[in-house]
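In: below are the sequence and a predicted model; questions follow.
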Amino acid sequence: MPIDRVDRFAIATAPSTSVSAIIERINHVAFGFRAYPSREIAVETSRTFQVVSRFHRAIGVITIVASSVFLLCIMVLKVEERRRDIAALRLMGISRASVVRSIVIESALVAVLGCVLGVALGWAASLVVNWHYQALYRTPLQFSIVTAPIVAFAVALSLLLGIGAGLLASLRLVRTPPLQLAGVADQTSLAYSARRSGSCDSGGDAARHGDAFDRDARVFSRVAAVTGIRASPRP
């Protein structure tokens, strides 16, 4: 005859019964097995899940750090593409604080849009994971849960990183002189140095003075193209 074997079994006790006294009595008379309270069993069997949870937390931290660096690089590149626009705003008299504020607000709006898309994608992925593994293991257990604290943490972190990246990128540009942003600073210094050398020439070299004036005219035309302000150098 086959003999049934079990690895463990549970004993239910009445609410007024002393669990520790029953465990001590069972361990005193039992041979080949030992009694434990259900809490110790739960802690012992959940160690694997604790390791998995720590592993997931480590992956999350690495992902956040990598995405922060990537986001900062993207924001710097996007702001760098607008060097001429920022130079035009600065040459028209727009303050540095106004330029920084506009870039930070734009970064915040992009971060909000990313939050909405990210939450929607995470919720859809959670549904797919639960649907797949519940059908695979034939269980109603939830394998992936999207809770309000998780969503709040993700939104706050996204806004913080987006605003921080926009602030760093904008501060990097507004500290640069406007003409240097527009790419005309070197030509301007070259033209005025040529004019000074021509005016100090004892012979009054008209050809050199004319060349300097032509360079000034080209520089002012580039500044006008950037700012939209019509200006011309004095001969």
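Out: Received, thanks.

In: tell me the domain ranges of the chain?
Out: 1-45, 46-182, 185-227 (automatic domain parsing).

In: the ones you listed: lowest mean pLDDT?
Out: The weakest mean pLDDT among the domains of the chain belongs to domain 185-227, with a mean of 50.

In: centre of the chain to the helix or strand where residue 181 lies, how far?
Out: With secondary structure defined by DSSP states H and E, residue 181 is part of helix 178-182. Centroid displacement of helix 178-182 relative to its chain, using Cα atoms, centre = their mean, to the nearest Å, is 29 Å.

In: and what of stretch 123-131?
Out: 24 Å.

In: export that stretch as CSV, just CAs?
Out: Extracted in CSV, the C-alpha atoms of stretch 123-131 (Å, rounded to 0.1, in the frame of the first residue of the first chain):
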residue,chain,number,x,y,z
TRP,A,123,-0.4,50.5,-16.3
ALA,A,124,-0.8,48.8,-19.7
ALA,A,125,2.4,46.7,-19.1
SER,A,126,1.0,45.7,-15.6
LEU,A,127,-2.2,44.5,-17.1
VAL,A,128,-0.3,42.4,-19.7
VAL,A,129,2.0,40.8,-17.0
ASN,A,130,-1.0,39.9,-14.8
TRP,A,131,-3.0,38.5,-17.7
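
In: now do the buried residues in that stretch.
Out: Neighbour-count burial for stretch 123-131, counted by 16 or more other Cβ atoms under 10 Å, picks out residue 130. Just so you know, the C-beta spots here come from the backbone N, C-alpha and C atoms, and that holds for glycine as well.

In: check stretch 63-77 too.
Out: By 16+ other Cβ under 10 Å, the buried positions in stretch 63-77 come out as 71-72, 75-76.

In: before we move on, what about stretch 160-171?
Out: 161-162, 164-167, 169-170.

In: so which residues make contact with it?
Out: Applying Cβ atoms under 8 Å, 6 or more residues apart in numbering, the contact partners of stretch 160-171 are 67-68, 71-72, 74-76, 78-79, 99-100, 103-104, 106-108, 110-111, 114.

In: 10 Å instead, please
Out: 64, 67-80, 82, 86, 96, 99-115 (Cβ atoms under 10 Å, 6 or more residues apart in numbering).

In: go on, stretch 127-141?
Out: Taking Cβ under 10 Å, 6+ apart as the rule, stretch 127-141 contacts 142-146.
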